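**Q** structural data only, the sequence is not supplied:
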Ligand SMILES: Nc1nc2c(c(=O)[nH]1)N[C@H]1C(S)=C(S)[C@@H](COP(=O)(O)OP(=O)(O)OC[C@H]3O[C@@H](n4cnc5c(N)ncnc54)[C@H](O)[C@@H]3O)O[C@H]1N2
Ligand code: MOO
């Protein structure tokens, strides 16, 4: 893969090699962010039974005229299995969520009685109705949300808090989902030190693994290891042996430098190939499947290149592995608030700031792949085609929205 290929070609190659993870049964508490693999069918109607939407009194509507005095003959708290008989001129005190007695056809809220919301341990002997209920008032009917046997959540849905709540209500404590992809992050470079360290000449704080691990987690995948290794072939090989991962993301050492060990160690292993992709930043890329079947992404070391490469190549693959069908970021069109230069022959991905109408570079320094601080300001990537050499103020620009 030494001739230049396009971003789309590289992506297609990656996605062709990407398969979904195995199915697992997970308790609901562990399933947030996972993709549901099969429809979840409600075991019962939702709500399960007619119940009160208010704290108040279950009544026969015909009796509950304004000013009527009703005898309170029963007390029905939530969780009660009681189904008291309610005769003419009678009522049952009832709490929100409690099953409405079969004889009742309306609920009078506490506020619509002479006693108001003053609560006593025991139900009062009588109440006076101060506002007449409409027919069926404040009764939540069995199955009005969903009938028994209905599909509560469909296969393919990404499980968030609301979906998990619907599944629990449908009577299921576990779900069948695609297992979270397991990802190892390996930064390479003899110049890298811990961010809390004191750099001597030539050293810099290691930031790519911080970005990648956070990005992997944001994409709903699991980070199994995060390591930094020097530009040393045997150290890198030792690091890669026995990695329990579906995918390995490396940064640095992907280009043509004398000490680019990632390329020298991995090029030709399994299906892994290195070569330039017509993009800026992120030109030197390596990708393939290693002998253990793991997807290997060898990203260039420059931090903005790492950020862009993750967005364009790694994230879509991780989402595909996790069973997602939507793997693209939304794209919008905005007018450039200012002009900037673009590299001819490479699609430009520029960290950008957008508002309702405009897009502008996140940094005044242009699109350099080393401008790591610009990433903190950006929440979008401006995408400028390879044949454009500059964007002028007012030009319409396509933008990927990242958050
Ligand atoms: N003669 C040529 N030189 C370069 C070419 C080329 O085509 N011919 N391509 C340039 C481009 S474009 C890129 S991008 C870089 C990519 O090089 P590598 O993938 O080998 O990356 P490194 O050299 O290891 O690092 C580049 C840069 O990023 C810094 N870095 C690396 N890792 C980290 C990290 N974990 N945290 C923070 N910063 C990191 C590193 O110090 C370098 O400054 O090659 C060009 N050269
Ligand atoms: O492709 Mo490199 O990331 O432009 O500097």
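**A** Received it, and whenever you're ready, just let me know what you need. Predicted, not measured: the structure shown is a model, and the values here were computed from it. Ligands and ions are numbered 1, 2, ... in the order given.

**Q** could you tell me which residues of the chain lie near ligand 1?
**A** 187, 189, 191-192, 204, 206-209, 251-257, 260, 281, 283-284, 300-303, 305, 369-370 (CB under 6 Å from any ligand atom). Placement of C-beta: from N, CA and C, glycine included.

**Q** filter those residues down to the buried ones, PyMOL style.
**A** Buried members of those, defined by 16 or more other CB atoms under 10 Å, are picked up in PyMOL with:
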select buried, resi 187+189+192+206+207+208+209+251+252+253+254+255+260+281+283+284+300+301+302+303+305+369
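
**Q** quick one: the helices in the stretch 1-150 of the chain, in order.
**A** 7-16 (DSSP state H, counting those that start in this stretch).

**Q** any regions of this structure where pLDDT drops low?
**A** 1-2, 365-367 (pLDDT under 70).

**Q** quick check: the most centrally placed residue in it vs residue 64, distance?
**A** For the chain, the residue nearest the mean C-alpha position is residue 33 (5.3 Å; CA atoms, centre = their mean). Distance, residue 33 to residue 64, by CB to CB, to the nearest Å: 49 Å.

**Q** one more: residue 326?
**A** Distance from residue 326 to residue 64, by CB to CB: 51 Å.

**Q** and for the closest residue to residue 385 other than its chain neighbours, the neighbour number?
**A** The spatially closest residue to residue 385, leaving aside those adjacent along the chain, is residue 347, at 6.2 Å (CB to CB, 6 or more residues apart in numbering). Per other CB atoms under 10 Å, the neighbour tally for residue 347 reads 22.

**Q** so what's residue 347 up against?
**A** When contacts are counted by CB atoms under 8 Å, 6 or more residues apart in numbering, residue 347 touches 6, 7, 278, 279, 280, 383, 384, 385, 386.

**Q** dig out what it forms beta bridges with.
**A** For residue 347, the beta-bridge partners are residue 279 (DSSP bridges).

**Q** how close does it get to ligand 2?
**A** 11 Å (CB to the nearest ligand atom, to the nearest Å).

**Q** with residue 304 instead?
**A** 7 Å.

**Q** checking that residue next. Helix, strand or coil?
**A** Residue 304 falls in the helix class when you classify it by DSSP: H, G, I helix; E, B strand; the rest coil.

**Q** show me the contacts for it.
**A** 281, 351, 367, 368, 369, 370, 371, 372, 374, 375.

**Q** which among the residues you listed are in contact with ligand 2?
**A** Answer for the contacts of residue 304 near ligand 2 (CB under 6 Å from any ligand atom): 281, 369.

**Q** between the contacts of residue 304, which is closest to residue 73?
**A** residue 375 (69.0 Å; CB to CB).

**Q** what is the neighbour count of the residue in the stretch 1-150 of the chain that ligand 1 sits nearest to?
**A** Using CB to the nearest ligand atom, the closest approach of the stretch 1-150 of the chain to ligand 1 is made by residue 4 at 10.6 Å. When neighbours are counted by other CB under 10 Å, residue 4 registers 14.

**Q** for it, what are its contacts?
**A** 275, 276, 277, 278.

**Q** tell me which of the residues you listed fall in strands.
**A** 275, 276 (DSSP state E).

**Q** helix or strand right after the host helix or strand of residue 351?
**A** Per DSSP states H and E, residue 351 falls inside strand 347-354. Note on strand 347-354: by DSSP H and E, the next helix or strand toward the C-terminus is strand 358-361.

**Q** okay, now the sheet partners of that following strand, with direction.
**A** strand 331-336 (parallel), strand 347-354 (antiparallel).

**Q** please enumerate residues in contact with stretch 161-174?
**A** So stretch 161-174 is contacted by 25-28, 31-32, 36, 40-44, 46, 146, 152-153, 157, 159, 175 (CB under 8 Å, 6+ apart).

**Q** how far is that stretch from where the chain is centred?
**A** Put simply, stretch 161-174 sits 17 Å off its chain's centre (CA atoms, centre = their mean, to the nearest Å).

**Q** what residues sit buried inside it?
**A** Buried, per 16+ other CB under 10 Å, within stretch 161-174: 163, 164, 166, 167, 169, 170, 172.

**Q** same deal with stretch 311-325?
**A** 311-324.

**Q** quick check, nearest of the residues you listed to residue 223?
**A** Of the buried residues of stretch 311-325, the one sitting nearest to residue 223 (CB to CB) turns out to be residue 318, at 11.1 Å.
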